[in-house]
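K.L.:
Task: produce atomic coordinates for the following.
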Amino acid sequence: MIASLRMFYSSVGRKLVMAMTGLFLCFFLLEHLYGNLLLYKMDGGKAFNEYGEFLVGNIIIRTVEFALFGGIILHIIDGLYLTYSNKKARPVRYAVNQQSKNSTWFSRNMGLTGSVIFIFLVVHLRTFFVPHRILGAESSMAHDVASAFQSGMYASLYVAAMLLLGAHLNHGFQSAFQTLGWNNHKYASAIKTAGTLYALLIALGFSSFPIFFHFDIMGVASNILHTTL
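P.N.:
Residues are numbered from 1 along each chain as shown. This next block holds a predicted model:
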C-alpha cells in the first residue's frame, strides 16, 4: 500500500495519472461533440434538449460526470506539478538552447496551454452548466447556446480556445500513449496520425458551432432562437 502511494507521488506515477486522465478526457470530448452536433438538426433544438435531459436523469451518466470532474482536477494538478518540476530541474540556458531544437513550442508549454484552456472551461461552465444544472434556468439549453454565440467576443474566445485545445490534444494524445508504453516503433506512426486526426476533429468540430451560430449559416441560429424559449 505504501509502495503504491509512493509510486503515485513519484514523477513516473504522476505522468501515468496525466496519461490516463488525459485519455479519459479525450473520450469525453468525443461524446460531448456528438451531443453538440444535435444542434445542427433543424428541429428547433429539440433533439439537443432531449439529449441533455437524458444525461441529467441517468444515474450512470451522473456518476461518470463526477468521475469526469475528478479527472479534470487530477489532470490539472498533475500538469501544473510536472510543469513546475521540469522547469525547476532544468538549467535555463540548456532549456533555451537545446529544447527548442528538439521540440515544438506547444510540447514545451503544455502547462501554459492547459492553464488557458482551464480558464476557458471555467467561463464555459459558468455560461451553460451553472445556470441549467445548478440554478435551474427556465430557458432551454439549445436557446442559450444559440444566444451566447451571438456575441462576437464569446464566439471568438470559443474558437481560439478550441484551436488551442486541438494543439494541446495533438501533443497530449501521443504523449499519453508513450507514457503508457504503447508507442513503440511499430505503431508510432499510426498513433501520431491518429492523434493529429483526433485533434483536428475536436478543434474544427467544436469551432464550427460559434461560426455557424454567430453568422447564422444555413439558418441554424434562427431555427433555434425562433422556436425555443
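K.L.:
what about residue 23, distance to residue 44?
P.N.:
Here the criterion is C-beta to C-beta, to the nearest Å. By it, residue 23 lies 36 Å from residue 44. In short, each C-beta sits where N, CA and C put it, glycine included.
K.L.:
er, residue 57 actually
P.N.:
Remark: distance between residue 57 and residue 44 (C-beta to C-beta) = 21 Å.
K.L.:
Give me the more crowded residue out of these two.
P.N.:
Taking neighbours as other C-beta atoms under 10 Å, residue 57 and residue 44 compare with residue 44 leading, 17 against 9.
K.L.:
helix or strand for that one, which one?
P.N.:
Under DSSP states H and E, no helix or strand contains residue 44.
K.L.:
Also residue 20?
P.N.:
Residue 20 is part of helix 11-37, with elements assigned from DSSP H and E.
K.L.:
after that helix comes which helix or strand?
P.N.:
Next helix or strand after helix 11-37 toward the C-terminus (DSSP H and E): helix 46-57.
K.L.:
Identify the residues contacting residue 45.
P.N.:
Applying C-beta atoms under 8 Å, 6 or more residues apart in numbering to residue 45 gives the contacts 39, 140-143, 145-146, 223-224, 227-228.
K.L.:
Low-confidence regions, the protein specifically.
P.N.:
1-14, 62, 79-84, 86-103, 106-107, 183, 228-229 (pLDDT under 70).
K.L.:
Determine how far the helix holding residue 20 lies from the middle of the whole chain.
P.N.:
In terms of C-alpha atoms, centre = their mean, to the nearest Å, the centre of helix 11-37 is found 8 Å from the chain centre.
K.L.:
For it, buried residues please.
P.N.:
Buried positions in helix 11-37, judged by neighbour count with 16 or more other C-beta atoms under 10 Å: 14-26, 28-29, 36.
K.L.:
Packing partners of it?
P.N.:
For helix 11-37, the packing partners by 3 or more C-beta pairs under 8 Å, 6 or more residues apart in numbering; DSSP states H and E come out as helix 2-9, helix 46-57, helix 59-89, helix 152-179, helix 188-214.
K.L.:
Select, out of the ones you listed, the one closest to residue 118.
P.N.:
helix 59-89 (5.9 Å; C-beta to C-beta).
K.L.:
measure residue 119 to residue 165 for me?
P.N.:
For residue 119, the distance to residue 165 - C-beta to C-beta - is 12 Å.
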